[in-house]
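1. here's a sequence, model it:
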Amino acid sequence: MSDTEISIPGRRSDFETPSRWTAAHVAGIAAQKVNHAPVIDALAAKPVSSLGLWDAWPVQRADGRPALLDGGDTLWMALAAPRFADPDERHSHARIYLLLRNAQGWTMLGPAMPEGFSPGSREWSGSAILDPATGAVTVYFTSAGRRNERLVSYEQRIFEANAHLGRDDAGYRLNEWSGLREIIEPDPAFYMATNRGGAPGTIKAFRDPFPFLDPANGTWTMVFAGSAAGSSSPYNGVIGAASAVDEQRSAWRLLPPILSADGLNNELERPHIVHHAGLYYLFWSTQDQVFDPAGPIGPTGLYGMVSPQLCEQWEPLNGTGLVFCNPPEAPRQAYGWLVLPDRSVISFVDDWRGGTQPEGRRFGGTFAPTLRLALNGSRAQLVGG
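-> Residues are numbered from 1 along each chain as shown. The predicted structure is shown next:
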C-alpha cells in the first residue's frame with residue numbers, strides 16, 4: 001500500500017467479482033406490472049434555452065443534496081449544444097453550462113468553464129460539490145476527445161477541476177478555475193480503453209463520474225460508466241468505482257467494477273448512489289437500443305439495484321432492475337434520470353414524439369417534469385411529481 005492509500009473497513013476486495021445484472025433479470029420485466037412515466041406534452045417540453053440541453057446535475061452539498069443559495073435558489077450544470085437536424089450531432093459539440101433554478105424556473109448562466117480550460121474537444125457528464133463555508137466548488141467531469149483534434153474522437157477521460165462560486169450584478173458565476181487533473185485512468189485488467197471509433201450507443205465508456213459520501217463511515221466512493229475488459233461480447237457495460245484516499249478527496253484509487261451487464265447491455269449510463277433507510281441504492285439509465293439484440297431487451301428507463309453494503313451484494317430492484325420506463329406511446333420521450341436524496345427524479349426531454357429515425361425525431365432538449373420515487377427495501381415505485 002502506498003503512503004497515500006488508506007485501509008477502508010468493509011470495502012470489497014480487489015479480487016471479488018462484480019454483482020451481475022443478467023438476461024434472467026431483464027426477462028422478468030415482461031411478467032411485471034411496469035411503472036410508466038407520464039406522457040410529456042408540448043407544454044412540458046417547452047425549451048428553457050435556444051440551446052439543446054440534456055444530462056443535468058445539481059451543484060450539491062457533500063451529502064448529495066442540492067446546495068441551497070439565497071432564497072432557496074439552486075445551481076445546476078447541464079450539457080448543452082446548438083440544436084441540430086440530427087440530435088445525435090450534439091454529442092460532438094457538448095459543453096457544460098451553469099443554470100440557476102428557482103421558483104420562476106430555469107435561467108441559463110452560460111458555460112461553466114472558461115474557453116480553452118477543458119482538456120478535451122467536448123465536455124460530457126459529471127457532478128459538482130460545493131463547500132458552503134468557502135464557496136469552493138469541485139467539478140468532476142468527462143473530457144471527451146482532445147483539444148484541437150482534427151477528427152472528433154470518442155476517447156473519454158475523467159477529470160477534476162476547482163472553482164470559486166461568486167456573484168455579481170449579472171448573477172452567479174464560477175471563477176478562479178484551477179487544479180485541472182485527470183484523477184483515474186482505465187486499468188486494462190478491468191476496463192477497456194475508449195480511444196477507438198464508434199457512434200452513440202456503441203462506443204465504449206469511461207465517463208460520468210459521481211462521488212458518494214458514505215454516511216456510515218465518512219468515506220468517499222466514485223462510480224462511473226465503464227466497459228469490461230476481456231469480454232467476448234460487444235455488450236459489455238459495467239459500473240466502475242474508485243475510492244478516495246482521504247476525506248479531502250486528494251486522490252482516488254481505482255477499483256474493479258461493482259456491477260456488470262456483460263453480455264446483456266453496452267451502456268449503464270450516469271450511475272449514482274442514494275442512501276435511504278439504511279440501504280444503498282445504485283441507479284443508472286439505459287436505452288432499449290443498447291441491449292444485445294439477441295435479447296431479452298429492456299425498455300428505455302431508469303434501472304437500479306439495492307444493497308445493505310456499499311459496492312457489493314447488489315440485488316436488482318423489483319426483481320428485474322427496472323425502476324420505471326417511458327410510456328409505450330412515447331418510448332424515448334425522456335432520458336438521463338438522476339435520483340436525488342429526497343427521491344425526486346430529474347431528467348431531460350429527449351424524443352418526446354416517439355420517433356425512431358433522425359428525420360422523425362423531435363429532440364426536446366429541455367428539462368422533463370420532476371418525478372418522485374418511493375423506496376421500500378428492494379421495491380421501487382414511481383409515485384408522481
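
2. which residues of the protein score low on pLDDT?
-> The chain contains residues with pLDDT under 70 at 1-16, 197, 354-360, 384-385.

3. do you have the helices of the stretch 1-150 of the chain handy? List them.
-> For the stretch 1-150 of the chain, the helices defined by DSSP state H, counting those that start in this stretch cover 23-27.

4. tell me the SS of residue 232?
-> What DSSP: H, G, I helix; E, B strand; the rest coil gives for residue 232 is coil.

5. how many residues are close by it?
-> Here the number of neighbours of residue 232 (other C-beta atoms under 10 Å) works out to 7. To be clear about C-beta, it is placed using only N, CA and C from the backbone, and glycine gets the same treatment.

6. how much space separates it from residue 26?
-> 19 Å (C-beta to C-beta, to the nearest Å).

7. and for residue 64?
-> Note on residue 64: its distance to residue 26, by C-beta to C-beta, is 28 Å.

8. with residue 347 instead?
-> 21 Å.

9. same check, this time on residue 293
-> 13 Å.

10. which one of those two is surrounded by more residues?
-> For residue 293 versus residue 26, neighbours defined as other C-beta under 10 Å are more numerous around residue 26 (24 against 9).

11. which non-adjacent residue is nearest the spatially most central residue of the chain?
-> The residue lying closest to the centre of the chain (C-alpha atoms, centre = their mean) is residue 270, at 2.0 Å. Spatial nearest neighbour of residue 270, excluding adjacent residues (C-beta to C-beta, 6 or more residues apart in numbering): residue 208 at 4.8 Å.

12. what do you get for residue 176?
-> residue 164 (4.3 Å).

13. how many other residues sit next to that neighbour?
-> By other C-beta under 10 Å, neighbour count at residue 164 equals 15.

14. which residues does it contact?
-> Applying C-beta atoms under 8 Å, 6 or more residues apart in numbering to residue 164 gives the contacts 135-137, 174-176.

15. in PyMOL, how would I select just the buried ones from those?
-> Entered in PyMOL, the line below selects the buried ones among those, by 16 or more other C-beta atoms under 10 Å:
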select buried, resi 137+174
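
16. what about the contacts of residue 164, which are in strands?
-> 136-137, 174-176 (DSSP state E).

17. nearest to residue 265 among those?
-> Residue 265 lies nearest to residue 137 out of these, by C-beta to C-beta, at 33.1 Å.

18. shouldn't that closest one be in contact with residue 162?
-> Yes. Taking contacts as C-beta atoms under 8 Å, residue 137 lies within contact range of residue 162: 7.1 Å.

19. how far away is residue 157 from residue 18?
-> Per C-beta to C-beta, residue 157 is found 22 Å from residue 18.

20. what segments of the stretch 1-150 of the chain are strands?
-> 19-20, 52-60, 74-81, 95-102, 105-111, 122-131, 136-144 (DSSP state E, counting those that start in this stretch).

21. next helix or strand past the last one?
-> Think strand 136-144. Helices and strands here follow DSSP states H and E; after strand 136-144, the next one along the chain is strand 156-168.

22. now that next one: buried residues?
-> Buried positions in strand 156-168, judged by neighbour count with 16+ other C-beta under 10 Å: 156-161, 163, 165.

23. and the residue nearest to residue 272 when sequence neighbours are not counted, what element?
-> Nearest non-adjacent residue to residue 272, counting by C-beta to C-beta, 6+ apart: residue 210, 4.4 Å away. For residue 210, the host element (DSSP H and E) is strand 206-213.
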